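> test case, fold it:
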Amino acid sequence: MKERIMNIANILGAFVFVIIAAVFYFMPNKYYGAGIKALGLTAAVLVIALICFILKNKDKLPKFPRITLRRVYIVTAAALFVLQLVYVLSVNYAPVSDGKYLDIICRNIANGRSLYFSLDAYHTHYLERYSNQWGLFLLQTLLYKTVRAVFGYIPKLTAPLAAMACMQISFFLVYKLADKLFKRRVHKILAMLAVMLNPVLFAYSCIFYSDVVSMPFLLAAAYLGILAAESIGKKRFLLFSAFTAIAVGIGFCIKGSVAVAGVALIIYLFFKVNIKRSLCFTAAAVLGLAGIVFAERQIMYSADIVTCEGIESYGFPMSHWVMMGLNGRGGYNNSSFMFTYSQPDKQTRDVACREKISATLSDMGISGMAKHIVDKLNYTWSGGVYQLTWQLSDTEDSAAKRFFGGSVPFLCTAFTAQNILILLMTVSFLISAIHCRTDNLYLLRLTALGLVLFLLLWETRSRYMINMLPLFVLIVSDGLFSLPQILKKCKKVLLHK
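Numbering: from 1, shown residues only. Have a look, this model is predicted:
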C-alpha cells in the first residue's frame, strides 16, 4: 500500500516531465529554432545510442586494470580540480547583478568601510530589502574577513576559488550518492563522469553565488537523509537526522529552494521508516530550520547590519516573488520590481502584491493560467546554459570567457546536454511510474518534482536549478540504464498492435 501511495509522485513526475519535454521540443523559442531543436535531439539520441552500444559490447573492448571506485573518484576529482584551476585562472571572473552587490558589501565590511560604500543610492538598504540574501552574506563576509586577516587584503580570486571548492565538495557528495544509489559499478562511474563532464556545471566553478554555494548543503542533505533512512540503531538515526536538518537549514538560508529537499526528505522518511522515527525526523528538520533561521536573524540584528525599522521601510515581502512569477513568462521583470518598490513600506507592499496576485489570477482564467504555465516551463527549461552567458557578461575579455560566454561549440554542447537531460529524466520518471519504484532514487525524483512545482509558483529562472543539477544528472544516469526497459515495452506494444 505504501508503495502505491509513493508511486503517485512517480506518476505525477512522469506527467510533468512529458509536458516539459513536449514544451521543450514543440514550443517556439527565441534561442533555438525548429532546425536547431531537431539537430539537438539527433545529437542527444546519437550520444545515448553510442553509450548504450559501448555498454552492451563492453566485454569486447580492451581490458583495463580494475581499480576501486574510490580511486576512480580520486582520479576524476584531481582531473576536475586541474581543469577548474586552469579555467578559474583564465576567465578572471567578475560577478554581476546581486552577486556584484554582495561582493561589494562584504568587501566593505571586511575592509572596515561603511556597509554600502561605492554602491549607488538605488542599492542602499540592499540587505534590508532582500532578507533571502542574509545567509550568503554572512558566509561571504566570514570568508573575506578570514582571508584579509591571513593575507592583509582580499584577492580578486577569493570568491572564484571558494566557488571551485564548493564544486569539489559537491563532486565528492555525488561520488558518495552514486555509490549509495546504484548497484552496478559501471553505473556509478558513469554517473560521476556525467557530473564531471557537464559543461554548465564545470563553467559555474568560478561563480560564487547562492546557486553554487547552496549545492553542497543540498547534496549533503540528500545523502544524510538516505543514511538516516537506512540506519539501524536509534543513536545513528538521530545523529544522521540532526546533520540532515543542519544541512537543510544552512542550505535554505543560502537558497530558499533547498526547502524543497527538506519537504521531500520528510515525505520520503514518512514512508521509509516507522511513524516514531518519521515524527522524530520531522521535528528535527523543523527545529533545525527554525533554529538556524533564528540564529541568522539574531546575528544580522545584533551586528547592526539591519534594523527592524529598516526592514519595515525597505523590505520586500514574499508575496512579491509570487506576484512577479505570475507576470508573463515568470522571470524577473522591471515593472513588477518597480510596482513593489514604489510602495511606501513592507506591509503596504505585501497588501499591494496580494491584490495584484488576485487580480492577475482573475484576469488569466483557466486558459490564461495554462498558457502561463507552458510559457514558464519553456522559459525555465529551454536555454540549456542556465544563464551562464549572463553570469559571464561583466567578465573581462579572454579566450575562456569567449568560449563559455556564448561560443557556438559551447552552446551546441550545452544544448545537447540539455536534450539528454530532459529525455533521460523523463525516461527515469516513466519507468519508475510503470514499475512502482520507490528505492533511494525516489528521493531525488521527488526533489526534482518539488523544484519544478515550486518554480511554477515562484519567480523562475533556469539558473535557479543549478544547485540541483547534480541530482538531475544522477536521475539521468538512472534513465540511461532504464532506457532498454522502456524500449522493450514500446516494442511489445507495437508488435501486439
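> what packs against the biggest helix by length in the chain?
Longest helix of the chain, by residue count under DSSP state H: helix 346-381. Contact here means 3 or more Cβ pairs under 8 Å, 6 or more residues apart in numbering; DSSP states H and E; on that basis helix 346-381 packs against helix 2-26, helix 308-314, helix 319-325, helix 334-341, helix 441-457. All C-beta spots, glycine's among them, are computed from the backbone N, C-alpha and C.
> so the first one versus helix 441-457, what angle?
Pointing back at helix 2-26 there. Angle of helix 2-26 versus helix 441-457, following axes from the mean of the first three to the mean of the last three Cα atoms, to 10 degrees, is 50 degrees.
> follow-up on the earlier one: make JSON lines out of the helices and strands packed on helix 346-381 and add mean pLDDT.
Listed next are the helices and strands packed on helix 346-381 as JSON lines, based on pLDDT from 0 to 100:
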{"stretch": "helix 2-26", "mean pLDDT": "91"}
{"stretch": "helix 308-314", "mean pLDDT": "91"}
{"stretch": "helix 319-325", "mean pLDDT": "92"}
{"stretch": "helix 334-341", "mean pLDDT": "88"}
{"stretch": "helix 441-457", "mean pLDDT": "95"}
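> between those helices, which one is nearest to residue 143?
Closest of the helices and strands packed on helix 346-381 to residue 143 is helix 308-314, at 24.6 Å (criterion: Cβ to Cβ).
> what sits up against the closest one?
125, 128-129, 131, 301, 345-347 (Cβ atoms under 8 Å, 6 or more residues apart in numbering).
> if we use 7 Å, what do you get?
Contact with helix 308-314 is made by 125, 128-129, 345-346, as judged by Cβ atoms under 7 Å, 6 or more residues apart in numbering.
> what's the answer for stretch 31-43, then?
With Cβ under 7 Å, 6+ apart as the criterion, stretch 31-43 contacts 25, 382-383, 415-416, 419.
> tell me the mean pLDDT over that stretch?
Averaged across stretch 31-43, pLDDT comes to 82.
> so how far is that stretch off the chain centroid?
Distance, stretch centre to chain centre, for stretch 31-43: 25 Å (Cα atoms, centre = their mean, to the nearest Å).
> okay, it in PDB with CA atoms only?
Extracted in PDB, the C-alpha atoms of stretch 31-43 (Å, rounded to 0.1, in the frame of the first residue of the first chain):
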ATOM      1  CA  TYR A  31      17.200  30.800 -28.600                       C
ATOM      2  CA  TYR A  32      16.600  27.800 -30.800                       C
ATOM      3  CA  GLY A  33      14.500  27.300 -33.900                       C
ATOM      4  CA  ALA A  34      12.900  24.100 -35.100                       C
ATOM      5  CA  GLY A  35      16.000  23.100 -37.100                       C
ATOM      6  CA  ILE A  36      18.400  23.600 -34.100                       C
ATOM      7  CA  LYS A  37      16.000  21.600 -31.900                       C
ATOM      8  CA  ALA A  38      15.900  18.800 -34.400                       C
ATOM      9  CA  LEU A  39      19.800  18.700 -34.500                       C
ATOM     10  CA  GLY A  40      20.000  18.800 -30.700                       C
ATOM     11  CA  LEU A  41      17.600  15.900 -30.400                       C
ATOM     12  CA  THR A  42      19.500  14.000 -33.100                       C
ATOM     13  CA  ALA A  43      22.800  14.600 -31.400                       C
END
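> and that stretch, what's buried?
32, 37, 39-41, 43 (16 or more other Cβ atoms under 10 Å).
> ok, stretch 117-134 next?
Quick answer for stretch 117-134 (16+ other Cβ under 10 Å): 119, 125-134.
> then stretch 405-422 to CSV, C-alphas only?
Extracted in CSV, the C-alpha atoms of stretch 405-422 (Å, rounded to 0.1, in the frame of the first residue of the first chain):
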residue,chain,number,x,y,z
GLY,A,405,30.3,33.1,-22.7
GLY,A,406,28.5,32.2,-25.9
SER,A,407,30.7,30.4,-28.5
VAL,A,408,28.9,28.1,-30.9
PRO,A,409,30.8,24.9,-29.8
PHE,A,410,29.8,25.5,-26.1
LEU,A,411,26.2,26.4,-26.9
CYS,A,412,25.9,23.3,-29.0
THR,A,413,27.4,21.1,-26.3
ALA,A,414,25.2,22.6,-23.6
PHE,A,415,22.1,22.3,-25.7
THR,A,416,22.9,18.6,-26.5
ALA,A,417,23.4,18.0,-22.8
GLN,A,418,20.1,19.6,-22.0
ASN,A,419,18.4,17.4,-24.6
ILE,A,420,19.9,14.3,-22.9
LEU,A,421,18.9,15.6,-19.5
ILE,A,422,15.2,16.1,-20.4
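> neighbours around the closest residue to residue 285 other than its chain neighbours, how many?
The shortest distance from residue 285 to any non-neighbouring residue, by Cβ to Cβ, 6 or more residues apart in numbering, is to residue 245 (4.8 Å). When neighbours are counted by other Cβ atoms under 10 Å, residue 245 registers 28.
> tell me the pLDDT of residue 245.
94.
> packing partners of the helix or strand containing it?
Per DSSP states H and E, residue 245 falls inside helix 234-254. Applying 3 or more Cβ pairs under 7 Å, 6 or more residues apart in numbering; DSSP states H and E, one finds that helix 234-254 contacts helix 134-151, helix 215-230, helix 258-272, helix 275-302.
> what residues sit buried inside the shortest one?
Of the residues in helix 258-272, those scored as buried under the neighbour-count criterion (16+ other Cβ under 10 Å) are 258-262, 264-270, 272.
> check the second one too.
Within helix 215-230, the residues that count as buried by 16+ other Cβ under 10 Å are 215-229.
> returning to what we had before: single out whichever of the contacts of stretch 31-43 has the smallest pLDDT.
Among the contacts of stretch 31-43, residue 383 has the weakest pLDDT, 77.
> just say helix, strand or coil for it.
coil (DSSP: H, G, I helix; E, B strand; the rest coil).
> so who does it touch?
31, 462.
> now do the one 4 residues further on
Remark: with contacts taken as Cβ under 7 Å, 6+ apart, residue 387 is in contact with 461-463.
> so which of those is the most crowded?
Of all the contacts of residue 387, residue 463 has the most neighbours under the rule other Cβ under 10 Å, reaching 23 neighbours.
> where does the residue nearest to that residue when sequence neighbours are not counted fall, phi/psi-wise?
In space, residue 463 comes closest to residue 387 once its chain neighbours are excluded; the distance is 4.1 Å by Cβ to Cβ, 6+ apart. Main-chain torsions, residue 387, degrees, to the nearest 10: phi 60, psi 20.
> all set, thanks.
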